[in-house]
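Visitor: Turn this into a model:
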Amino acid sequence: MTFDVVGLCHREPDAGTLVSAIRTASPLSEVDSDEDRLLFLLRHPEGRVLLAIESGRLVRVPGEVRRLLGVEVPPPVWWVEGRAPDGDAEAESVAREFTAALVAATGGTTWASR
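Guide: Down below sits the predicted model:
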């Protein structure tokens, strides 16, 4: 299981915005990227994964965010999803801080699985 977060961004988050949000959430973490899967991995300095972040996807369909997450967000919106290991309080905190920093920079709202 994972703890999931979604940043629902009014403006497209570019690479610099993503990196800035990552650094805000966890300044000492290492960041790996998998360009083939469009994925960023935040690792604790000791090596464990704190958060996996997918690149943003544009959602244009009215009602789609409500259908999937149960929250009303007018389209278009950029959907940036992150997953943290379940049962890891530090990882959950990093995930929440990442999405908060991301939507502070792009406008929008956050959603979390709990």
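Visitor: ok now stretch 78-95, how far from the chain's centre?
Guide: Shown here is stretch 78-95, whose average C-alpha point lies 8 Å from the average C-alpha point of the whole chain (C-alpha atoms, centre = their mean, to the nearest Å).
Visitor: Any buried residues in that stretch, and which?
Guide: Taking 16 or more other C-beta atoms under 10 Å as the basis for neighbour counts, the residues of stretch 78-95 that come out buried are 78-85, 88, 91-92, 94-95. To be clear about C-beta, it is placed using only N, CA and C from the backbone, and glycine gets the same treatment.
Visitor: could you say what helices and strands the helix or strand of the chain with the lowest mean pLDDT packs with?
Guide: Considering only helices and strands, the least confidently modelled element of the chain by mean pLDDT, DSSP states H and E is strand 30-34, at a mean of 79. Other elements packing on strand 30-34 under the criterion 3 or more C-beta pairs under 8 Å, 6 or more residues apart in numbering; DSSP states H and E are strand 39-43.
Visitor: by contact count, what packs against the strand it packs on?
Guide: With contacts defined as 3+ C-beta pairs under 8 Å, 6+ apart, the packing partners of strand 39-43 are helix 15-25, strand 30-34, strand 49-54.
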